[in-house]
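A.B. asks: starting from these lines, generate the structure:
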Amino acid sequence: MMPIRIALFALALCATGLAHAQDKPKKTKAQTRVLLYKEQLAQQFDTVKSVKNIFKINPLIFFRGEVPLYYERALTPKLSLEVGVGFTARNYLALSWVGDDADEYGAGTKILYNPSYHIGARFYFADDIEPAGVYINPEFAHLVYSKLIREKNPDGSLSERQRLDERTYNDVRVMLGYQSLGYSSNWVLDFYGGLGFRNRDNIVVKEKHIINADPEPDEYLYDDVRENKNVIAFFLGVRIGVGF
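C.D. replies: Purely as a prediction, here's the structure:
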């Protein structure tokens, strides 16, 4: 009986040791984490001090009667949001191919100032922590050009009667451009061009001068013509700004 007891005791010890070995946590092999380039770029975008805000003006469209101030904010290394707020004034250029005419300088015309709005997104093709390089820019713009035109008396003098001439433009634009940041300064040059789908809602004051034989006085007839058209508009220009 003694050998049998010794064998059973040894078997119990082996079973206990095996159960204890199974309860120990297994050692895991250390894993190597690879930091991707895009992750590094995102970390730099969040931590490195760089240009993420830009204020810009567009001196060329001053001649078109619009004075806007643009603000661009970089959201990611490839995406930024741009808004523009300004006002419309006298239009110095006559662009008949898009239905525009220059405002007259005469005493019978009074220019009214209206707010203008732009909002769009910019998608940059290059990976960069600053908003620079080639981009595509879908944008919506709202512009209103207004003026009061005084009617003429039969003798050609101006009366106190006035008519409102108003041109309202709602644009959906797609721009392709290139934005360059200075290497030693924060000055910005933004070259762009593109096409737009424009809804043109105009109230155009038409004047008709009827010359009668003497002694009958001349006549000036006025009519407010409402025009609503959808046209294609073309854009080309440059913006100048400073970033921070």
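A.B. asks: name the helices or strands packed onto the helix or strand where K229 lies?
C.D. replies: K229 belongs to strand 219-243 when assigned by DSSP states H and E. Under the contact definition 3 or more Cβ pairs under 8 Å, 6 or more residues apart in numbering; DSSP states H and E, strand 219-243 sits against strand 53-57, strand 66-74, strand 133-152, strand 158-181, strand 187-210. (Each C-beta comes from the backbone N, C-alpha and C, glycine too.)
A.B. asks: TSV for those, including mean pLDDT and mean neighbour count?
C.D. replies: Converted to TSV, these look like this (pLDDT from 0 to 100; neighbours: other Cβ atoms under 10 Å):
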stretch	mean pLDDT	mean neighbour count
strand 53-57	97	18
strand 66-74	97	19
strand 133-152	97	18
strand 158-181	96	16
strand 187-210	95	15
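A.B. asks: quick one, what contacts the residue minimising distance to the centre of the chain?
C.D. replies: Nearest to the geometric centre of the chain sits G120, at 2.8 Å (Cα atoms, centre = their mean). Counting by Cβ atoms under 8 Å, 6 or more residues apart in numbering, G120 touches 81-83, 137-140, 173, 175.
A.B. asks: and those residues, which two are the farthest apart?
C.D. replies: Largest separation among those by Cβ to Cβ: L81 and R173, giving 15.4 Å.
A.B. asks: follow-up on the earlier one: got the contacts of G120 as JSON lines, with distance to D101 columns?
C.D. replies: Output for those, formatted as JSON lines (distance: Cβ to Cβ, whole Å):
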{"residue": "L81", "distance to D101": "34"}
{"residue": "E82", "distance to D101": "30"}
{"residue": "V83", "distance to D101": "29"}
{"residue": "N137", "distance to D101": "28"}
{"residue": "P138", "distance to D101": "29"}
{"residue": "E139", "distance to D101": "25"}
{"residue": "F140", "distance to D101": "25"}
{"residue": "R173", "distance to D101": "22"}
{"residue": "M175", "distance to D101": "25"}
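A.B. asks: picking up where we left off before, next, format the helices and strands packed on strand 219-243 as CSV and append distance to A89.
C.D. replies: Shown next, in CSV, are the helices and strands packed on strand 219-243 (distance: least, Cβ to Cβ, whole Å):
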stretch, distance to A89
strand 53-57, 14
strand 66-74, 6
strand 133-152, 9
strand 158-181, 13
strand 187-210, 18
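A.B. asks: these: which one's closest to V225?
C.D. replies: strand 187-210 (4.8 Å).
A.B. asks: please report how far the closest residue to F125 other than its chain neighbours lies from S185.
C.D. replies: Spatial nearest neighbour of F125, chain neighbours left out: V134 (4.8 Å); criterion: Cβ to Cβ, 6 or more residues apart in numbering. Distance of V134 to S185, given as Cβ to Cβ, to the nearest Å: 21 Å.
A.B. asks: now P131
C.D. replies: Using Cβ to Cβ, P131 is found at 16 Å from S185.
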